[in-house]
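# what would the 3D arrangement of this be:
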Amino acid sequence: MSKWISILAAALLIISSAIVVAAQTTTVTQTPTTVTKTVQNADGTYTVIEYPVGKEVQLTFNPVALTKSKAVGTILRDDNGTRIVLNVTDVPADVSAINVYAVDDTGAVSSLGPVVLANGTGKFSATTPLSKFMLIGAPDTSLTAYDPNGKIYFRSAVPAGFTAIPRATIATTATTPTTVATTTTTPTAVATTTTTATEVVQNPDGTYSVVEYPVGKETLVTLDPINITGAKGVATILRDNNGTRIKLNLTGLPNDLTGLTLYAVDPAGAVTALGPIALTNGVGTFASTTPLNRFMLFASPETALTTYDPNTKVFFRSTVPAGFAVIPHTMNPVGETVGATTTPGTTPASTSTVPMLNIPAYKKGDDTKLKVDFSGAMAGARANVFIEPNKNGKETEVKMRFHELKEAPTGKVYVLWAVSPDNQFFKLGEIVNVKGRNEAEIKANTTLADFGLLVTMEDLGAVKTIVTPVGERLGVIQIVP
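I've put the predicted structure just below:
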């Protein structure tokens, strides 16, 4: 009898343990877990990504030749550039130097500096004007080109939630011949100089030449004349904390031409009038500032253009500066299905009016009461909006806390945009909402002097590439009287 009692007691103990474990497991799985897919380039050797403004990104520096070493860091992009901080450990004693380089999406290499090593540990910090790049660590002190098969100590991984930008050095559809640099060896003792031509990648039709201008670096841009013999155009473009300044000089125009209008075109094809160019005796000058950082320029005799296509009457069009790569035109992608669509019967958010919040009138340190009425998929949600102009007067912090969020439809994401007075859109952040999550926060900085705030619902697969909202408008932030 005691034997059967012992067996029964043991069985009860096992059942009790199973019940406890099951209860513990149920408690753990109530917390939703979001798995973010990371997309690398096919060969895994190019991991260029675009770093967002105002968001610190945790970076893993994968060891390549130094298989037992470790390296991690943080990258933060703001109006002063992109700050990089790295910490390296477990470096072999025979490694005397690690040099850090940035590689952009055209394959161009920029030296950032050496890692200071001591007892197998090293620290590194630097700032670069680049916004799209990967990092490599190498023993060489003067790399000018990146070869995935060369000696590399470390290479940056693609952080979770980011997508690698394909290398754009070779335009497979371009028909323009490319000059390849060669070195000539002569039997004489005369030194020879090798000239390297930087390849410029244009869109195949040559009519879209949108590029991203770097912060703090003056860029010289040639404007090609269209069907005007002998005319010349040149611009200097400088992007800083106050926007992007454009200075333009045109010469050789017909004397009977009295004026042109300068326009900017962004990657989505949106057109912004920058202002009139006054002409006298075939010569004209122009100066202006725009909040845009990615655009092309064209000059036209038309004074009120709202769209641009290759057949628009154009007298000048900007070329691609040496060392830059064209940002593809995204308004009507060929052979690609655009997943971000509006709900039938709704109006795309980019066509609706967004009221300005009159930021210059805000007092620093004071709370401003703001109101937002959500609709559509966010109907019933609440949000607190905090806007704080910085003391230096150059940036404004926007913080939006969402409450009582509803689960986003499958494949959709909520996006917060800042909208400038001339209806330019700047993405501040997004929320991938999941079941069981009813609160979230977006925090970002903007250099716009005044702006409105707009919330839209966009396609999850397209949100990283769109530059203007194409989805449904869910809410506009307004000042409460």
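# identify the bridge partners of the nearest residue to G150 once chain neighbours are set aside.
Spatial nearest neighbour of G150, chain neighbours left out: A138 (7.2 Å); criterion: CB to CB, 6 or more residues apart in numbering. C-beta: built from backbone N, CA, C; applies to glycine. Counting by DSSP bridges, A138 forms beta bridges with N99.
# low-confidence ranges, the stretch 101-250 of the chain, go.
For the stretch 101-250 of the chain, applying pLDDT under 70 flags the ranges 167-206.
# all strands of the stretch 1-150 of the chain, in order?
Secondary structure of the stretch 1-150 of the chain (DSSP state E, counting those that start in this stretch): strands located at 49-50, 57-63, 70-78, 81-89, 98-103, 109-118, 121-128, 132-138.
# I'd like the mean pLDDT over the fourth one, please.
If I follow you right, that is strand 81-89. On average, the pLDDT along strand 81-89 is 88.
# buried sites along it?
By 16 or more other CB atoms under 10 Å, the buried positions in strand 81-89 come out as 81-82, 84, 86-88.
# ok, R294 - contacts?
Shown in contact with R294 (CB atoms under 8 Å, 6 or more residues apart in numbering): 210-213, 266-267, 327, 467.
# let's see that with 6 Å instead.
With contact set as CB atoms under 6 Å, 6 or more residues apart in numbering, R294 has these partners: 210, 212, 267, 327.
# what pairs with it across the strands?
E212.
# can you pull the pLDDT of it?
For R294, the pLDDT comes out at 87.
# next one: Q30
In this prediction, Q30 carries a pLDDT score of 39.
# start at 8 instead
Yes, from this point I'll number from 8; that puts the last item at Q37.
# for the residue nearest to the spatial centre of the chain, which non-adjacent residue is closest in space?
What sits nearest the mean C-alpha location of the chain, by CA atoms, centre = their mean, is E57, with 4.6 Å. Excluding its sequence neighbours, the residue lying closest to E57 (CB to CB, 6+ apart) is K139, at 4.4 Å.
# now do A425 against R84, distance only.
Applying CB to CB, to the nearest Å, the value for A425 to R84 is 16 Å.
# for A100, same thing?
For A100, the distance to R84 (CB to CB) stands at 35 Å.
# which one of those two has more residues nearby?
A direct count of neighbours by other CB atoms under 10 Å for A100 and R84 places R84 higher, at 23 against 8.
# got the contact list for that one?
58, 60, 138.
# neighbours of the residue nearest to it when sequence neighbours are not counted, how many?
Among residues not flanking R84 along the chain, Y58 sits closest, at 4.5 Å (CB to CB, 6+ apart). With neighbours defined by other CB under 10 Å, the count for Y58 comes to 19.
# gap between Y58 and T258?
39 Å.
# same question, T226
Distance, T226 to T258, by CB to CB: 20 Å.
# looking at the two, which has the bigger crowd around it?
In this view T226 and T258 are compared by other CB under 10 Å, and T226 has more residues nearby, 17 against 14.
# so that one sits against P328, correct?
Yes - counting by CB atoms under 6 Å, P328 is a contact partner of T226 at 5.4 Å.
# check contacts around the residue lying closest to V107 once chain neighbours are set aside.
Distance criterion CB to CB, 6+ apart; nearest residue to V107, sequence neighbours excluded, is L119 at 4.5 Å. L119 makes contact with 107, 109, 133, according to CB under 6 Å, 6+ apart.
# select from the residues you listed the one having the most neighbours.
For those, counting by other CB under 10 Å, the largest number of neighbours falls to V107: 27 neighbours.
# tally of neighbours for the residue nearest to E57?
Neighbours of K139 (other CB under 10 Å): 19.
# hmm, A115 and it touching each other?
No - using CB under 6 Å, K139 is not in contact with A115, being 10.9 Å away.
# give the buried residues for stretch 290-303.
291, 293, 295, 297-303.
# with stretch 138-150 instead?
Neighbour-count burial for stretch 138-150 flags 138-146, 150 (criterion: 16+ other CB under 10 Å).
# and what of stretch 328-336?
By neighbour count with 16+ other CB under 10 Å, stretch 328-336 contains the buried residues 328, 331-334, 336.
# starting at the chain centroid, how far to stretch 80-90?
A distance of 12 Å separates the centroid of the chain from that of stretch 80-90, by CA atoms, centre = their mean, to the nearest Å.
# what distance separates the opening and closing residues of that stretch?
One end of stretch 80-90 sits 10 Å from the other (CA to CA, to the nearest Å).
# and if you look at stretch 431-450?
One end of stretch 431-450 to the other measures 20 Å (CA to CA).
# pLDDT of it, averaged?
Mean per-residue pLDDT for stretch 431-450: 75.
# thinking L455 is in contact with S427, fair?
Yes - assessed by CB under 6 Å, L455 is found in contact with S427 at 5.4 Å.
# mind listing the shared neighbours of the two?
What both L455 and S427 touch, as defined by CB under 6 Å, 6+ apart, is the set P298.
# who's more crowded, the two?
Set side by side, L455 and S427 show more neighbours around S427, with 21 against 18, by other CB under 10 Å.
# who touches that one in this structure?
Applying CB under 6 Å, 6+ apart to S427 gives the contacts 298, 455, 458.
# host element of P476?
Under the assignment given by DSSP states H and E, P476 is not contained in any helix or strand.
# measure it to I253 for me?
Applying CB to CB, the value for P476 to I253 is 26 Å.
# same question, G157
For G157 relative to I253 (CB to CB), the value is 39 Å.
# between the two, which is the more surrounded one?
Ranked by neighbour count (other CB under 10 Å), G157 and I253 place I253 first, with 25 against 14.
# got the domain boundaries for the protein?
The chain is divided into the following domains under automatic domain parsing: 56-163, 218-325, 356-486.
# looking at these, which is nearest to F169?
Comparing these against F169 with CB to CB, the closest turns out to be domain 56-163 (4.5 Å).
# ranges for the strands of the stretch 258-407 of the chain?
Using DSSP E, counting those that start in this stretch, strands in the stretch 258-407 of the chain cover 266-272, 278-287, 290-297, 301-307, 323-325, 377-379, 389-396, 403-410.
# what pairs with the last one, parallel or antiparallel?
The partner list of strand 403-410 in its sheet, established with DSSP bridges, is strand 389-396 (antiparallel), strand 447-453 (antiparallel).
# quick one: which of those is nearest V165?
Of all these, strand 447-453 comes closest under CB to CB, at 21.9 Å.
# setting aside sequence neighbours, what's the nearest residue to S216?
In space, and not counting its chain neighbours, S216 is closest to M303: 4.6 Å by CB to CB, 6+ apart.
# doesn't V272 make contact with that neighbour?
Yes - the criterion here is CB under 6 Å, and M303 meets it with V272 at 5.0 Å.
# returning to that earlier point: can you redo the contacts of S427 as TSV with distance to V405 and pLDDT?
Below are the contacts of S427 laid out as TSV (distance: CB to CB, whole Å; pLDDT from 0 to 100):
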residue	distance to V405	pLDDT
P298	15	83
L455	10	82
F458	9	84
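# and the residues you listed, which is closest to E437?
Checking the contacts of S427 against E437 by CB to CB gives F458 as the nearest, at 17.4 Å.
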